[in-house]
Every structure is written in structure tokens, then in C-alpha cells.
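>>> Got a predicted model here, sequence first, then my questions.
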Amino acid sequence: MDPMNMIVAKNIRRLREENKLSMEELSKLSSVSKSMLAQIERGEANPTISTLWKISNGMKVPFDHLTVRPKTSYEIVNTSEIQPLLEDGGRVKNYPVFPDDENRRFAVYYLELDKGSYWESEPHLKGTTEFITISAGCVEISAGGQQFTVGRGESLRFRADSTHSYKNTGDETAILHMIIYNP
């Protein structure tokens, strides 16, 4: 399995070329510097989740179009073989288990949030919904101007087309599964 930075590199280049965007145009649309975009496309950088959201929003494509792996007729995914996307200095690890593709309008993620970690997500495309289930720990999720405390065995659904955040408020690593539905 290719490392995630190489999958992201190939997908961004392909999408940019399909949309006939120069590196400079994508930089303006995404507010990500041209030099950072070049490093990402060469597979030399490990972009943060926030940077990838800026790029996906700039190209007006679902986030998962940047992280989708090549297709096969079946797929067994071992999270230990997936290079996670990192936030909060590596304290938030987001594993794209089944990224969205053009034939499926949802994506599945596995996340680990170290004790005290925090991640604020960029808004997703209009109408996007997130479904969160906590397997371990306790997470405070802010969405739509409200705060929710979600613990082990609990799930939360919310609109994700505005800024939202996740904070591990427990005493252990929080484990959560996320499904993102793209309309």
C-alpha cells in the first residue's frame, strides 16, 4: 500500500490537471502556498488535515477525493498499514479507512485523539453530515454552535458544513469512528 502522502500527491495532481488549474490558481483558490502545493504534489510533505480541507474546498471536491486509494474488487484494510493524517502536532491521528469516491457518497475514518488533544475542522461541502461513534474515551464535539459530550458507546450525527471541532476531554486516548456523508 502506498504511503498516504503519495496517494494524496497523485490525487491532487490528477484533480488539478482534470480541472485545468495551474499551481498558482489552486494556491489562490485554497489559500495554500504554491511552494507547499508543489511539495505535496511531489510527495515530499505530509499535509495536515486542515491543509487538505483547504485544498479540497478550493477545488470544490469532497475531502476524500484527495485520500482515495486505487480501486480493487475487494479490500481488507489494516489501520496499522495506513499512514494517518495528523493534526495538533500529531496528537490527533485520522486514518482514512474507506475514502469517498465518485461512486460512493460516504467515507469511513478511524481516529485516535490523545489525551487533551484538539482539532478544529474546516467546513465540509454544503449539506455534508458526519456520523461519529466513540469506542473509547470521551470527546467534546462542537458543531452548529452547540457543544456535545460524547462518551464510549455513544454516537452523534451533525451537519458538518460549518466549522466544527473535537476535543478529548477524558483521561485516555479517545477512539472514534467517523462516517462522512457527502450529498
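Alright, I've got the coordinates.

>>> mind listing the helices for the protein?
For the chain, the helices defined by DSSP state H cover 4-18, 23-30, 34-41, 49-59.

>>> pLDDT averaged over the third one - what is it?
For helix 34-41, the mean per-residue pLDDT is 94.

>>> and what of stretch 14-31?
Here the average pLDDT along stretch 14-31 is 94.

>>> Show me what that stretch is in contact with.
Counting by CB atoms under 8 Å, 6 or more residues apart in numbering, stretch 14-31 makes contact with 32-34, 37-38, 41, 54-55, 57-59, 61, 65-66, all of which sit outside it. No exception for glycine: its C-beta is placed from N, CA and C like everyone else's.

>>> go again using 10 Å as the cut-off
Outside stretch 14-31, the residues within contact range by CB atoms under 10 Å, 6 or more residues apart in numbering are 12-13, 32-38, 41, 51-61, 65-66.

>>> could the helices of the chain go into TSV alongside mean neighbour count and distance to residue 149?
Below are those laid out as TSV (neighbours: other CB atoms under 10 Å; distance: least, CB to CB, whole Å):
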stretch	mean neighbour count	distance to residue 149
helix 4-18	18	30
helix 23-30	16	33
helix 34-41	17	35
helix 49-59	21	22
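
>>> so how many other residues sit close to residue 120?
By other CB atoms under 10 Å, the residues close to residue 120 number 14.

>>> Need the pLDDT of it.
95.

>>> Is it in contact with residue 48, as I believe?
No: applying CB atoms under 10 Å, one finds residue 120 not in contact with residue 48, separated by 11.2 Å.

>>> Spit out the residues that contact these two alike.
By the contact definition CB under 10 Å, 6+ apart, residue 120 and residue 48 are jointly contacted by 87-88.

>>> who touches residue 42 in this structure?
5-6, 9, 13.

>>> how long is stretch 97-104 end to end?
End-to-end distance for stretch 97-104, by CA to CA, to the nearest Å: 14 Å.

>>> residue contacts, the spatially most central residue of the chain?
For the chain, residue 49 is the residue whose C-alpha lies nearest the centre (CA atoms, centre = their mean; 5.4 Å). Residue 49 makes contacts with 63, 67, 84-88, 92-94, 96, 111, 119-122, as judged by CB under 10 Å, 6+ apart.

>>> re the thing from before, need the worst-confidence member of the contacts of residue 42.
Looking at the contacts of residue 42, model confidence by pLDDT dips furthest at residue 5: 86.

>>> which ones are touching it?
With contact taken as CB under 10 Å, 6+ apart, residue 5 is in contact with 39-40, 42-47, 83, 85.
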